[in-house]
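1. Have a look; sequence and predicted model below, questions after that.
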Amino acid sequence: MAKLTEISKANTTRKDTNSWGMSILFVTLAVIAIAVLVIQLDTFETVAYPMHELGKPMVVAATNNAANLPSLEKIGSGELIGPEDIAYDPKSGYVYTGCDEGWIKRVKLNDSAVDIVVENWVNTGGRPLGISIADSGDVFVADAFKGLLKVSVDGKLEVLAVEAEGMKLGFPDGVVVAKNGMVYFTDGSYKHGYYDSMPNLMEGRPDGRFLSYDPLTKQTQVIARDLYFANGVELSPNQDFVIYCESFM
């Protein structure tokens with residue numbers, strides 16, 4: 001009887017092992033099938049950049065800066081991690097910048113860098129990149145994950161836009177506010193997000209857009225499309241034109 005019991009236990013163990021093996025095989029095949037489907041739906045095919053459109057060779061910046069900056073002081077060293085853009089409010093004396101951990105930091109400037117105060121002001125829950133301050137004191141933010149945002153003077157966060165023309169914002173990047181309240185901003189790529197900058201560069205396709213947001217109508221409009229990573233944006237001093245850059249071109 002003891003031997004029959006041992007044989008029965010061995011058979012049970014063998015069945016359990018086979019069952020686990022079949023489960024692992026099924027899961028593996030399912031993952032492979034899903035991966036193949038994703039690749040088929042989202043093709044990655046590189047193309048050459050149309051460099052001929054520039055008309056002349058690109059200007060290469062000097063590797064060395066000969067300027068002498070004896071009065072250079074570091075601001076918020078160790079407290080500002082990955083600051084992307086900066087905006088200065090002359091009324092309050094604050095400098096605003098978006099940092100890697102999602103914080104919009106507010107920096108109070110004083111006579112010396114030692115006396116500068118860095119404040120965790122508002123956390124967007126995403127990655128704040130471009131920052132611009134309106135005459136009202138409201139801070140507009142292009143957040144790579146959350147879209148176009150506005151932070152009121154008292155720190156209230158509001159999402160203004162997450163899509164345009166039915167297409168989700170994939171990589172909100174730069175932003176600037178005109179004196180008339182119109183907001184101009186860039187979407188680096190509607191296809192490749194913040195963590196996919198290298199595939200975006202390698203693919204070489206114009207997935208970027210340049211947009212505007214009207215706070216009166218709350219409408220988002222695409223001004224220019226088919227851009228090679230739309231990035232920084234700025235208004236002219238007289239605010240009669242807007243400049244944006246395509247980083248990959």
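-> Noted; the coordinates are in hand. Numbering: from 1, shown residues only.
2. Would you mark the buried spots in the longest strand anywhere in the chain?
-> In the chain, taking DSSP state E as the definition, the longest strand is strand 219-227. Across strand 219-227, burial judged by 16 or more other C-beta atoms under 10 Å covers Thr220, Arg225, Leu227. (Each C-beta comes from the backbone N, C-alpha and C, glycine too.)
3. would you say Tyr184 is within a strand?
-> Yes - under DSSP: H, G, I helix; E, B strand; the rest coil, Tyr184 sits within a strand.
4. Correct me if wrong: it contacts Val176.
-> Yes - counting by C-beta atoms under 8 Å, Val176 is a contact partner of Tyr184 at 5.3 Å.
5. okay, and the common contacts of the two?
-> Counting by C-beta atoms under 8 Å, 6 or more residues apart in numbering, the shared contacts of Tyr184 and Val176 are Val233, Leu235, Val242.
6. which residues sit in contact with the residue nearest to the spatial centre of the chain?
-> Taking C-alpha atoms, centre = their mean, the centroid of the chain lies closest to Ala144, which sits 2.6 Å from it. For Ala144, the contact set (C-beta under 8 Å, 6+ apart) comprises Gly126, Arg127, Pro128, Leu129, Phe171, Pro172, Asp173, Gly193, Tyr194.
7. If we use 6 Å, what do you get?
-> For Ala144, the contacting residues are Arg127, Leu129, Phe171, Tyr194, by C-beta atoms under 6 Å, 6 or more residues apart in numbering.
8. Equivalent analysis for Gly125, please.
-> Gly102.
9. Give me the distance between it and Val141.
-> Relative to Val141, Gly125 is positioned 12 Å away (C-beta to C-beta, to the nearest Å).
10. Also His192?
-> 20 Å.
11. Looking at the buried residues of strand 219-227, spot the one nearest Glu203.
-> Comparing the buried residues of strand 219-227 against Glu203 with C-beta to C-beta picks out Leu227 as the nearest, at 13.9 Å.
12. Surely that closest one touches Leu211?
-> No - assessed by C-beta atoms under 6 Å, Leu227 is found out of contact with Leu211, at 10.6 Å.
13. What's the separation between the residue nearest to the centre of the chain and His52?
-> Distance, Ala144 to His52, by C-beta to C-beta: 31 Å.
14. do Cys245 as well
-> Cys245 is 19 Å from His52, by C-beta to C-beta.
15. Among the two, which residue is more densely surrounded?
-> Counted by other C-beta atoms under 10 Å, Cys245 and His52 do not tie: Cys245 has more neighbours, with 16 against 7.
16. I'd guess that one is in a helix, am I close?
-> No - per three-state DSSP, Cys245 lies outside any helix segment and is strand.
17. That one contacts Val233, correct?
-> No - counting by C-beta under 6 Å, Cys245 does not reach Val233; the two are 7.7 Å apart.
18. For the protein, give me the ranges with low pLDDT.
-> 1-22, 25, 27, 31-44, 57-59, 62-69, 113 (pLDDT under 70).
19. Whichever helix or strand comes after the longest strand of the chain: which residues count as buried?
-> Remark: after strand 219-227, the chain's next helix or strand is strand 230-235, criterion DSSP states H and E. Going by neighbour count (16+ other C-beta under 10 Å), the buried part of strand 230-235 is Ala230, Asn231, Gly232, Val233, Leu235.
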